[in-house]
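Chemist: have a look at this fold, sequence not included:
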């Protein structure tokens, strides 16, 4: 293990209920000199003015960090030891405009331009799903069009919401229109519930997306599916966007638009671990709304899924 790599603060150095609540109790990095030394970073976007039903995702990043205190640095299932081989830190939250969604989207894009300029792979704590659009805009400038693994109860391909072209339910239609995605390398997993028309999910299929509705996932391991996903999205840079409402509300009730019949937490782990070997250039965990979860389990799940994303990044070696 290289001695100059940041390490999470251990439970024997400071009680896990004490200390600063950074993501996994990592150092909080802010200066350009320190940012230039990072390979990957956790960044928060406390956004919820793009939501259409229940607000509260502005509190997601803070609560995910609070629930991350139990996560230890070694992945005992996969053998991944990210803190032994890449430099990771928490770089804080983006100061969005909480009264103007379009301005907030501009701010996010500008901040990710800056983050990416340091060669950092960003792992984002959301925040509502609107935030993925400006991140994809920034990523295209660096990587070109990207492949996408998108886990969600909803396709987020509405043409508009209440007449607005940008909101958490329009993200991936705008991304297609702006030529941000390599549409032949996009998979959406977990879509379910009702639509505004019988054709709702078919818009994604017409773009070339592989759409995996939740019913295809019931009562089975998703390991075989992920072999198909790797074949579909491989061969170029890939972004991973995980909406927590892709998980059934029995396990993740703290979200703004819950839908029954969703994925299990075990399937969530299979999906992320199944992305190992892809050229992952970033990821996000969005739509955690702590006010709707008194147990903290949704934020706990979100924190663990972000750790799993860290464990599949390029250059994370196995023990």
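Modeler: Alright, I've got the coordinates. Just so it is clear, the structure is predicted and the values come from calculations on it, not from any experiment. Residues are numbered from 1 along each chain as shown.
Chemist: which strand or helix spans the residue positioned nearest the centre of the chain?
Modeler: Closest residue to the average C-alpha location of the chain: residue 284 at 1.7 Å, with Cα atoms, centre = their mean. If you go by DSSP states H and E, residue 284 is part of strand 279-286.
Chemist: what is that strand packed up against?
Modeler: strand 121-126, helix 132-143, strand 237-243, helix 297-311 (3 or more Cβ pairs under 8 Å, 6 or more residues apart in numbering; DSSP states H and E). For every residue, glycine as well, the C-beta is placed using N, CA and C.
Chemist: mind listing what's buried along it?
Modeler: Using 16 or more other Cβ atoms under 10 Å as the test for burial, strand 279-286 gives 280-286.
Chemist: just to revisit the earlier point, of the helices and strands packed on strand 279-286, which approaches residue 164 most closely?
Modeler: helix 132-143 (12.6 Å; Cβ to Cβ).
Chemist: what's that closest one in contact with?
Modeler: For helix 132-143, contacts defined as Cβ atoms under 8 Å, 6 or more residues apart in numbering pick out 105-106, 108-109, 112-113, 115-116, 122, 124, 146, 166, 171-172, 174-175, 178-181, 237, 239, 241, 281-282, 284, 286.
Chemist: distance of the closest residue to residue 169 other than its chain neighbours relative to residue 123?
Modeler: Leaving aside its chain neighbours, residue 169 sits nearest to residue 158 (4.5 Å; criterion: Cβ to Cβ, 6 or more residues apart in numbering). Going from residue 158 to residue 123 by Cβ to Cβ, to the nearest Å gives 26 Å.
Chemist: between those two, who's got more neighbours?
Modeler: Comparing residue 158 with residue 123 by other Cβ atoms under 10 Å, the one with more neighbours is residue 123, at 24 against 21.
Chemist: how close does that one get to residue 59?
Modeler: For residue 123 relative to residue 59 (Cβ to Cβ), the value is 19 Å.
Chemist: cool, residue 230 as well?
Modeler: Counting by Cβ to Cβ - residue 230 and residue 59 are separated by 34 Å.
Chemist: before we move on, back to that, of the contacts of helix 132-143, select the buried ones using a ChimeraX command.
Modeler: The ChimeraX selection below is limited to those of the contacts of helix 132-143 classed as buried (16+ other Cβ under 10 Å):
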select :105,108,109,112,115,116,122,124,146,166,171,172,174,175,180,181,237,239,241,281,282,284,286
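Chemist: low-scoring stretches of the chain, by residue?
Modeler: Applying pLDDT under 70 to the chain flags the ranges 1-3, 317-319.
Chemist: all helices for it, in order.
Modeler: 32-35, 60-67, 101-117, 132-143, 171-177, 202-206, 223-233, 265-273, 297-311 (DSSP state H).
Chemist: buried residues in the first one?
Modeler: Of the residues in helix 32-35, those scored as buried under the neighbour-count criterion (16+ other Cβ under 10 Å) are 34-35.
Chemist: who's in contact with that helix?
Modeler: If you take Cβ under 8 Å, 6+ apart as the criterion, helix 32-35 is touched by 29, 41, 89, 91, 115, 118, 120.
Chemist: which of those residues are buried? Put it as a PyMOL command.
Modeler: To isolate the buried members of the contacts of helix 32-35 in PyMOL, using 16+ other Cβ under 10 Å:
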select buried, resi 29+41+89+91+115+120
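Chemist: would you reformat the contacts of helix 32-35 as CSV and include distance to residue 9?
Modeler: What follows is the contacts of helix 32-35, written out as CSV (distance: Cβ to Cβ, whole Å):
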residue, distance to residue 9
29, 14
41, 17
89, 12
91, 17
115, 23
118, 23
120, 21
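Chemist: any idea of the angle the lengthiest strand in the chain forms with helix 265-273?
Modeler: Ranked by number of residues, the top strand in the chain under DSSP state E is strand 181-191. Counting by axes from the mean of the first three to the mean of the last three Cα atoms, to 10 degrees, strand 181-191 lies at 160 degrees to helix 265-273.
Chemist: residue 148 contacts residue 237, correct?
Modeler: No. Residue 148 is not in contact with residue 237 according to Cβ atoms under 8 Å; the separation is 10.0 Å.
Chemist: got the contact list for the nearest residue to residue 153 once chain neighbours are set aside?
Modeler: Nearest residue to residue 153 in three dimensions, chain neighbours excluded: residue 259, at 4.1 Å (Cβ to Cβ, 6+ apart). Residue 259 sits next to 153-154, 192-193, 245, 249 when contact means Cβ under 8 Å, 6+ apart.
Chemist: for the spatially closest residue to residue 196 that is not a sequence neighbour, give me its contacts.
Modeler: The shortest distance from residue 196 to any non-neighbouring residue, by Cβ to Cβ, 6+ apart, is to residue 158 (7.8 Å). With contacts defined as Cβ under 8 Å, 6+ apart, residue 158 is in contact with 167, 169-170, 173, 196.
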